[in-house]
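Chemist: fold the following.
(4 chains)
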There are 2 protein chains.
Amino acid sequence: MKFKKNISCNDCKLKCDIYQALSESGKDFSIINPLHVYYDRHENICKQGSSVTHAIYLVEGSAKLFIEGLNSRNITLYIMTPQSYIGLLSFFETPYYSYSVKALEDSHICMIDLDCIKKLYIENHNFLLKLNKAFGKSVSSILSKIITLNQKNIRGRIADSLLYLSKLYNNDQFTMLLSLKELGELSAISEENVVRLLAEFRREGILNVEGKKITIIDKKLLEKISEVG
Amino acid sequence: MKFKKNISCNDCKLKCDIYQALSESGKDFSIINPLHVYYDRHENICKQGSSVTHAIYLVEGSAKLFIEGLNSRNITLYIMTPQSYIGLLSFFETPYYSYSVKALEDSHICMIDLDCIKKLYIENHNFLLKLNKAFGKSVSSILSKIITLNQKNIRGRIADSLLYLSKLYNNDQFTMLLSLKELGELSAISEENVVRLLAEFRREGILNVEGKKITIIDKKLLEKISEVG
DNA sequence: CGCGAGCTTGACGTTGTTCAACTAGAGTGG
DNA sequence: CCACTCTAGTTGAACAACGTCAAGCTCGCG
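Modeler: This is a model prediction of the structure:
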């Protein structure tokens, strides 16, 4: 279930890049028609293969960005938290989504018509540079992910994912919003092996695992495992 | 060995996007200072980790774009032929190359100062849209490559690579510029298995292999293998 | 002629997926 | 309130897929 709302940028508590760009341009906020949509956990925010019509900005909550592969096996590239562009590719001239995004918790997004964005970045260099920066960063993280998935063993891959999560939550202790299957998709590992590896790391005193609550005890060692892969 | 030359855009036979953008803008060609560089086969055109200073355009020849992984094992993402942007990422705000590019044959490239490019695309929307399009396409091909590398077996992966090459050369018969090791890097397969698979495909009447000259006999079957993976 | 790079083949071992069966907890309806 | 079902997690065993090692080959080049 999701419901939609029209909220004027003036009333939105989040002063995003787009808001700033509009301010800088001295434009009237009425030219963009931001559509706010609320998604429940597990709902698709955008779907691989469908056409790109709006720029999507994550206002609240979190979501995973993944590519849908063969036999409905997915690979999660990264997890998004506010404020980030969900439809990053959509700023560029791509007709269809080459990935999907699904809410990890109840989330709130803002959709803005593509033409507005285009007008905006053509006028406002600063906004364009911000978009470019975000995009470049995202691409370079994807490239290093390719190496990780291809050349590290499952121990190294899951170590990577755990370190990634701890960095994302900015804490060595965090409560995953991911199921074990989803953690597997983040590391391209089968669910069964995720279980085995977490148990292994716990036995080795690297982790503390209580349900979804994970505490990294020996970070140095975890980083070592991630490197050696 | 490589040598450099200053060639004015007026004297360059290749009327690239940048040339066109300059024409459209009604600018003087002297504001850009295109540096033409000639590389031998096997030479690095740009190196992962080094800083991005210029936009690079492939004028003549061909090159492979690859990411350098662990234990000097690489993964080739795609092969570039004229006219394409080698430093595609460099148009965006990325300080360092997240990949390397190496010449597959003697090649000729053109380097243009980043600031010039930036000025140009800020002024010229059409040029910006062209860049965006090229970039979006490149990213979506990378995403589908991730799935291929991760979820297809080696038969499917090498079938993919062979079909990719035949499309690149626009012919079911082509002479690879790649060594078998390099073909392996394009498919994330060990050199030994590349040999075995090519022999297998030949025995099955799918391919004809004479040295580097490959002829695809049964394309339908090859496509089937690529799909089933 | 000898050397080295690229290619080729066989044997072997590791890695990680898959299957199958079982457990625990949460939600549902009689 | 208890049986149920459904999902998520857990464990073991078997198997297949690939990479790796080792050895030998061929061809071009100094």
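
Chemist: all contacts plus neighbour counts: C-alpha atoms, from now on.
Modeler: Noted.

Chemist: if you count contacts, what does the helix or strand of chain A with the lowest mean pLDDT end up packed against?
Modeler: Sorting the helices and strands of chain A by mean pLDDT, DSSP states H and E puts strand A:4-6 at the bottom, at a mean of 80. Taking 3 or more C-alpha pairs under 8 Å, 6 or more residues apart in numbering or on different chains; DSSP states H and E as the contact definition, the neighbouring helices and strands of strand A:4-6 are strand A:35-39.

Chemist: show me what the strand it packs on is in contact with.
Modeler: When contacts are taken as C-alpha atoms under 8 Å, 6 or more residues apart in numbering or on different chains, the neighbours of strand A:35-39 outside the stretch itself are A:1-7, A:45, A:103, A:106-112.

Chemist: near DNA strand D, list only the ones from those.
Modeler: Restricting those to those within reach of DNA strand D (C-alpha under 7 Å from any atom of the strand) leaves nothing.

Chemist: run me through the strand neighbours of the least confident helix or strand of chain A, direction for each.
Modeler: Applying DSSP bridges, strand A:4-6 is found paired with strand A:35-39 (antiparallel).

Chemist: and after the strand it pairs with, which helix or strand comes next?
Modeler: Counting by DSSP states H and E, the element after strand A:35-39 in chain order, helix or strand, is strand A:44-46.

Chemist: same for that following strand, what does it pack against?
Modeler: Packed against strand A:44-46 by the contact rule (3+ C-alpha pairs under 8 Å, 6+ apart) you find strand A:100-103.

Chemist: quick one: is the longest helix anywhere in chain A near DNA strand C?
Modeler: Longest helix in chain A by number of residues, with DSSP state H as the criterion: helix A:125-151. No: for helix A:125-151, no contact with DNA strand C is found by C-alpha under 7 Å from any atom of the strand; the gap never falls below 8.1 Å.

Chemist: helices or strands up against that helix?
Modeler: Right, helix A:125-151 is packed against helix A:17-25, helix A:114-123, strand B:63-68, helix B:125-151 by 3+ C-alpha pairs under 8 Å, 6+ apart.

Chemist: what residues does the shortest one touch?
Modeler: The one in question is strand B:63-68. When contacts are taken as C-alpha under 8 Å, 6+ apart, the neighbours of strand B:63-68 outside the stretch itself are A:143, A:147, B:48, B:74-81, B:98-105, B:107.

Chemist: what about residue A:170, is that helix, strand or coil?
Modeler: Secondary structure, DSSP: H, G, I helix; E, B strand; the rest coil: residue A:170 is coil.

Chemist: which ones are touching residue A:138?
Modeler: Counting by C-alpha under 8 Å, 6+ apart, residue A:138 makes contact with nothing.

Chemist: can you tell me the residue of chain A closest to DNA strand C?
Modeler: Per C-alpha to the nearest atom of the strand, the residue of chain A with the smallest distance to DNA strand C is residue A:153, at 3.0 Å.

Chemist: quick check, pLDDT for that residue.
Modeler: pLDDT recorded at residue A:153 is 97.

Chemist: one more: the one 10 residues further on?
Modeler: Per-residue confidence for residue A:163 comes out at a pLDDT of 98.

Chemist: equivalent analysis for residue A:75, please.
Modeler: Confidence per residue is given as pLDDT, and for residue A:75 that number is 97.

Chemist: element containing the nearest residue to it once chain neighbours are set aside?
Modeler: Of all residues not flanking residue A:75 in the chain, residue A:185 sits nearest, at 4.9 Å (C-alpha to C-alpha, 6 or more residues apart in numbering or on different chains). Per DSSP H and E: residue A:185 is located in helix A:180-187.

Chemist: count the residues that sit near the residue nearest to residue A:75.
Modeler: Taking other C-alpha atoms under 10 Å in any protein chain shown as the criterion, the count of residues near residue A:185 is 21.

Chemist: tell me how far it lies from residue B:151.
Modeler: Counting by C-alpha to C-alpha, to the nearest Å, the gap from residue A:185 to residue B:151 is 12 Å.

Chemist: swap in residue A:99?
Modeler: Following C-alpha to C-alpha, the distance that separates residue A:99 from residue B:151 is 16 Å.

Chemist: of these two, give the one with the bigger neighbour count.
Modeler: Looking at residue A:99 and residue B:151 with other C-alpha under 10 Å, you find the greater number of neighbours at residue A:99, namely 24 against 19.

Chemist: I figured the more buried one hits residue A:51, correct?
Modeler: No: under the criterion of C-alpha atoms under 8 Å, residue A:99 makes no contact with residue A:51, lying 11.2 Å away.

Chemist: now the common contact residues for these two.
Modeler: Overlap between the contact sets of residue A:99 and residue A:51, as judged by C-alpha under 8 Å, 6+ apart, is nil.

Chemist: now the residue nearest to residue A:37 when sequence neighbours are not counted: how far from residue A:71?
Modeler: Sequence neighbours aside, residue A:4 is the residue nearest to residue A:37 in space, at 4.5 Å (criterion: C-alpha to C-alpha, 6+ apart). Counting by C-alpha to C-alpha, the gap from residue A:4 to residue A:71 is 33 Å.

Chemist: ditto for residue A:179
Modeler: From residue A:179 across to residue A:71, the span is 19 Å (C-alpha to C-alpha).

Chemist: of these two, who's got more company?
Modeler: For residue A:179 versus residue A:71, the count of surrounding residues by other C-alpha under 10 Å is larger for residue A:179: 13 against 7.

Chemist: can you tell me how far that one sits from residue A:194?
Modeler: Computed as C-alpha to C-alpha, the residue A:179 to residue A:194 distance reads 10 Å.

Chemist: residue A:114 now?
Modeler: In this structure, residue A:114 and residue A:194 are 40 Å apart, going by C-alpha to C-alpha.

Chemist: looking at these two, which one has more neighbours?
Modeler: Under the neighbour definition other C-alpha under 10 Å, residue A:114 and residue A:194 were set side by side, and residue A:194 has more, 22 against 18.

Chemist: quick one: that one and residue A:186 touch, right?
Modeler: No: the pair residue A:194 and residue A:186 fails to qualify as a contact (C-alpha under 8 Å) at a distance of 10.6 Å.

Chemist: pretty sure residue A:189 contacts residue A:154?
Modeler: Yes: the pair residue A:189 and residue A:154 qualifies as a contact (C-alpha under 8 Å) at a distance of 6.7 Å.

Chemist: contacting residues for residue A:187?
Modeler: Taking C-alpha under 8 Å, 6+ apart as the definition of contact, the neighbours of residue A:187 are A:75, A:76, A:149, A:154, A:157, A:158, A:160, A:161.
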